[in-house]
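Participant: no sequence on this one, just coordinates:
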């Protein structure tokens, strides 16, 4: 399983490098905190995410 995950990650790295938005994930942060930060990052770019009306 680990080898499969490593292979998938390595295959995706070139695509990840094309991203306009980057969020550093910290192991010490709760999932809810990371999700909140991700939503804030997306909300900072109205060209990327539509807000509900």
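Facilitator: Happy to help now that I have it. Since this is a predicted model, take the numbers as computed values, not measurements. Residues are numbered from 1 along each chain as shown.

Participant: any idea how far residue 40 is from residue 13?
Facilitator: Residue 40 sits 25 Å away from residue 13, going by Cβ to Cβ, to the nearest Å. For glycine as for every other residue, the C-beta is placed from the backbone atoms N, C-alpha and C.

Participant: again, but for residue 33
Facilitator: Going from residue 33 to residue 13 by Cβ to Cβ gives 25 Å.

Participant: Can you tell me what sits against stretch 39-49?
Facilitator: Residues from elsewhere that reach stretch 39-49, judged by Cβ atoms under 8 Å, 6 or more residues apart in numbering: 20-21, 23, 51.

Participant: Please identify which of these is nearest to residue 29.
Facilitator: The closest of these to residue 29 turns out to be residue 23 (Cβ to Cβ; 10.6 Å).

Participant: Pull the number of nearby residues for that closest one.
Facilitator: Residues lying near residue 23 (other Cβ atoms under 10 Å) number 11.

Participant: That one in helix, strand or coil?
Facilitator: coil (DSSP: H, G, I helix; E, B strand; the rest coil).

Participant: wait, what's in contact with residue 51?
Facilitator: Here residue 51 is in contact with residue 43 (Cβ under 8 Å, 6+ apart).

Participant: how near is it to residue 9?
Facilitator: With Cβ to Cβ as the criterion, residue 51 and residue 9 are 32 Å apart.
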